[in-house]
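Visitor: Have a look; sequence and predicted model below, questions after that.
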Amino acid sequence: MVDPANARAADVGTATSAPAVALVALPLGDAPLHTALAIARALWKRGIPATLPAEADPAAPLQLADIGKQLSRASRAGISTAVVVGPDELARGQVQVKDMAANAVRYVRLADALEGDLNRPAL
């Protein structure tokens, strides 16, 4: 499993330069940015293009009002899937996975997301 504590913000620069991004990880509210970064790193290891929003900042995390803007921006950029890492989801040991085209939401266990597996639904 990817250890979120070992995820570094410097790693974002190496993986976000890919022109085609399939997935964006959005840390929301008090959710730790390093958890979203750890999920992105696990996906990179599986060869899945992933990124974080350019303005991802641990000192100023996204708020609920910002999430709609981020999802709209991701959709316009051609991103097919968004992983929302929010405090409520983390409290349940889950992340939210949103299919941008179908506007469908499902939940995946955090442990699976940290392994780069977004296909196994949370129970």
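Guide: Thanks, I have it.
Visitor: what's the closest non-adjacent residue to residue 45?
Guide: residue 116 (6.1 Å; CB to CB, 6 or more residues apart in numbering). Every residue, glycine included, has its C-beta placed from N, CA and C.
Visitor: burial measure for that neighbour, as a count.
Guide: 20 (other CB atoms under 10 Å).
Visitor: Am I right that it falls within a helix?
Guide: No - under the criterion used here (DSSP: H, G, I helix; E, B strand; the rest coil), residue 116 is coil, not part of a helix.
Visitor: Surely it and residue 50 touch.
Guide: No - taking CB atoms under 8 Å as the definition, residue 116 is not a contact partner of residue 50, at 9.0 Å.
Visitor: Common neighbours of those two, please.
Guide: 39, 43 (CB atoms under 8 Å, 6 or more residues apart in numbering).
Visitor: What separation do you get for the residue nearest to residue 45 and residue 75?
Guide: Relative to residue 75, residue 116 is positioned 22 Å away (CB to CB, to the nearest Å).
Visitor: Enumerate every residue touching the residue nearest to residue 45.
Guide: 2, 39, 42, 43, 45, 46, 48.
Visitor: Turn those residues into CSV, columns for secondary structure, pLDDT and distance to residue 105.
Guide: Output for those, formatted as CSV (DSSP: H, G, I helix; E, B strand; the rest coil; pLDDT from 0 to 100; distance: CB to CB, whole Å):
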residue, secondary structure, pLDDT, distance to residue 105
2, coil, 39, 23
39, helix, 91, 16
42, helix, 93, 20
43, helix, 90, 18
45, helix, 93, 25
46, coil, 90, 22
48, coil, 88, 19
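Visitor: which one of those residues is nearest residue 110?
Guide: Ranked by distance to residue 110 (CB to CB), these are led by residue 39 at 8.5 Å.
Visitor: Poorly predicted segments of the protein, please.
Guide: Along the chain, segments meeting pLDDT under 70 span 1-23, 29-31, 54-65.
Visitor: Next one: residue 38 from residue 71, what distance?
Guide: 21 Å.
Visitor: can you check residue 114 too?
Guide: 22 Å.
Visitor: now do residue 123
Guide: Applying CB to CB to residue 123 and residue 71 gives a distance of 26 Å.
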